[in-house]
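Trainee: below are the sequence and a predicted model for it; my questions follow.
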Amino acid sequence: MAIRITSQMTSNLMLTNMNKNLSNIYSTYEQITSGKKITSVGQNPIDGTKIMKYNKQLDQLDDWSKNIQSAKDELNQSYDTLGLIQENMQRINELAIQAANSYNSQESMQAIRDEVEQRTLTIQQLANTKYQDKYIFSGSNTDTMPYSLDEDLNVTYSGTSQDGNWERNIEISEGVTMPLNVNGQAIFGDENGGIFATLKELNDALANPDMDIKAISDCITPIQNGIKDITSAQAVMTSRVQRLDATSTINDEVSIGLTEMKSNLEDTDLAEAATQLMMYQTALQASLQAGASIMQQTTLLNYI
């Protein structure tokens, strides 16, 4: 049996086709203006889910990148601070050798003692250096100043013990962490020994009116050992920065790969989209012309 095509059916079909073409035009125009083929998961659930996964991975890589930069900044500051301490220790070593190996007047010994004392106080200040309001040589107890000296240069160490949980670690890639700090107590010592205890002994020996040359000489080797400990700590920091640089390079390569895969799914091919837009516009124009021909007695305004 033949189906009678009414004007209403024709009108509805024309409206459906026009709305489809208008929707295609709007969608393609949005892709061109936004630069994105997919702006919501609902547009393409499979590719949209992949894009969300890539975004999450890229966010994680960005967090690791920030961690790496922060770690490098702290390690570099620690390295530079140790370099300044080492310079002061080298000068104290020279002064101790001068005081022990040559005749010095009382005035000369007093000048040596004054300089050694001032450099000891400078080393204490440097050992209490902060990075982002955290004491870098205080172990995990970063809110507490690690080293204090009384008026007689007796030292008190208040940081985390080298036998305790002193490391501060930061994540730099999947399942990989890096220590930010070295142990201040291992480098500078405490009340029982180390750099500050040796400097206390040297200051006391220089203050002795009897000029105890042997006591001064006995401080030279521990001072030189302290300089070696600082150099060793700097070597550790250098190796960590190198590892951070290598990890950063790997993370950057992964980030580039993920960004490219995300772009392939998400970014608009402008040339292709422009061609599609012209095609949809042509289709809309053709449908309007066809409708005008079929519905001779009806205007486009009646359809809408």
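Mentor: Done, it's in.
Trainee: in the stretch 1-150 of the chain, mark out all the strands, start to finish.
Mentor: Counting by DSSP state E, counting those that start in this stretch, one finds strands in the stretch 1-150 of the chain at the ranges 130-131, 134-135, 147-149.
Trainee: which non-adjacent residue is nearest residue 181?
Mentor: In space, and not counting its chain neighbours, residue 181 is closest to residue 168: 5.2 Å by C-beta to C-beta, 6 or more residues apart in numbering. C-betas here are computed from N, CA, C, even on glycine.
Trainee: picking up where we left off before, could I get the strands of the stretch 1-150 of the chain as CSV with mean pLDDT, mean neighbour count and distance to residue 191?
Mentor: Below are the strands of the stretch 1-150 of the chain laid out as CSV (pLDDT from 0 to 100; neighbours: other C-beta atoms under 10 Å; distance: least, C-beta to C-beta, whole Å):
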stretch, mean pLDDT, mean neighbour count, distance to residue 191
strand 130-131, 94, 16, 23
strand 134-135, 95, 18, 18
strand 147-149, 95, 18, 11
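Trainee: enumerate the positions of stretch 110-117 that are buried.
Mentor: 112-113, 116-117 (16 or more other C-beta atoms under 10 Å).
Trainee: for residue 51, report the pLDDT, please.
Mentor: Predicted confidence (pLDDT) for residue 51: 75.
Trainee: I'd say it and residue 265 touch.
Mentor: Yes: at 5.6 Å, residue 51 and residue 265 qualify as touching, with contact defined as C-beta atoms under 8 Å.
Trainee: which one's more surrounded, the two?
Mentor: Taking other C-beta atoms under 10 Å, residue 51 and residue 265 do not tie; residue 51 has more neighbours (20 against 16).
Trainee: counting contacts, what elements does the biggest helix by length in the chain pack onto?
Mentor: Ordering each helix of the chain by length in residues (DSSP state H) puts helix 45-101 first. With contacts taken as 3 or more C-beta pairs under 8 Å, 6 or more residues apart in numbering; DSSP states H and E, helix 45-101 sits against helix 106-127, strand 130-131, strand 169-173, helix 195-207, helix 213-266.
Trainee: same thing but 10 Å
Mentor: helix 106-127, strand 130-131, strand 169-173, strand 176-179, helix 184-188, helix 195-207, helix 213-266 (3 or more C-beta pairs under 10 Å, 6 or more residues apart in numbering; DSSP states H and E).
Trainee: residue 98 is nearest to which of those?
Mentor: Among the helices and strands packed on helix 45-101, the nearest to residue 98 by C-beta to C-beta is helix 106-127 (6.6 Å).
Trainee: the closest one vs helix 45-101, what angle?
Mentor: Here helix 106-127 runs at an angle of 170 degrees relative to helix 45-101 (axes from the mean of the first three to the mean of the last three C-alpha atoms, to 10 degrees).
Trainee: do you know how far residue 124 is from residue 47?
Mentor: Look at residue 124 and residue 47: by C-beta to C-beta, to the nearest Å, they are 61 Å apart.
Trainee: repeat for residue 249
Mentor: 29 Å.
Trainee: more neighbours: which of these two?
Mentor: Neighbour count, other C-beta under 10 Å: between residue 249 and residue 47, residue 47 has more, with 16 against 10.
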